[in-house]
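K.L.:
predicted structure and sequence below. I'll ask about it afterward.
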Amino acid sequence: MLVIAVNNAPANLRGRLAVWLLEIRAGVYVGQYSVRVRDRIWAQVEAGIGQGDAVMCWASPNDQGFDFATVGRNRRMPREFDGLKLVSFAPLEGAEHAK
């Protein structure tokens with residue numbers, strides 16, 4: 001399973017995502033695709049996100065059972081810790097570019 005959530009995404013990117021995925025709630029898209037198609041969809045998100053931000057989560061054969069990636073400015077940033085991917089928070093005034 002693949003889930004992509006976007007905030008402040010341009011309309012053309014949201015339309016492109018809606019072609020491939022089902023928008024189950026405003027800005028939340030789900031689908032079931034191969035790794036190759038997932039990577040191509042994510043490349044379009046990275047190229048078209050503009051001033052917004054996005055997170056993608058997918059099933060993965062690791063200890064957590066899932067993996068995720070982010071793009072854009074957001075307080076939540078993925079961090080590797082002892083073989084697990086966790087989320088850290090940036091200070092309000094210094095939100096960094098997370099990728």
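P.N.:
Right, received. Where do you want to start?
K.L.:
how long is stretch 56-69 end to end?
P.N.:
5 Å (Cα to Cα, to the nearest Å).
K.L.:
list of residues touching that stretch?
P.N.:
Residues outside stretch 56-69 that contact it (Cβ atoms under 8 Å, 6 or more residues apart in numbering): 1-4, 38, 42, 45, 55, 70, 78, 83-85, 99. For every residue, glycine as well, the C-beta is placed using N, CA and C.
K.L.:
filter the residues you listed to the buried ones?
P.N.:
Buried by 16 or more other Cβ atoms under 10 Å: 2-4, 38, 42, 45, 55, 70, 85, out of those.
K.L.:
in helices, which of those appear?
P.N.:
In helices, judged by DSSP state H, the following of those are found: 38, 42, 45.
K.L.:
would you map the strands across this protein?
P.N.:
2-7, 22-25, 28-31, 53-59, 66-72, 76-81, 84-89 (DSSP state E).
K.L.:
count of residues packed around residue 27?
P.N.:
The criterion is other Cβ atoms under 10 Å. On that basis, residue 27 has 16 neighbouring residues.
K.L.:
which non-adjacent residue is nearest it?
P.N.:
If the residues on either side of it in the chain are set aside, residue 27 comes closest to residue 6, at 4.8 Å by Cβ to Cβ, 6 or more residues apart in numbering.
K.L.:
residues contacting that neighbour?
P.N.:
Counted by Cβ under 8 Å, 6+ apart, residue 6 has contacts 13-14, 17, 27, 29, 45, 49, 52-54.
K.L.:
what's the closest of those to residue 89?
P.N.:
Checking the contacts of residue 6 against residue 89 by Cβ to Cβ gives residue 53 as the nearest, at 13.9 Å.
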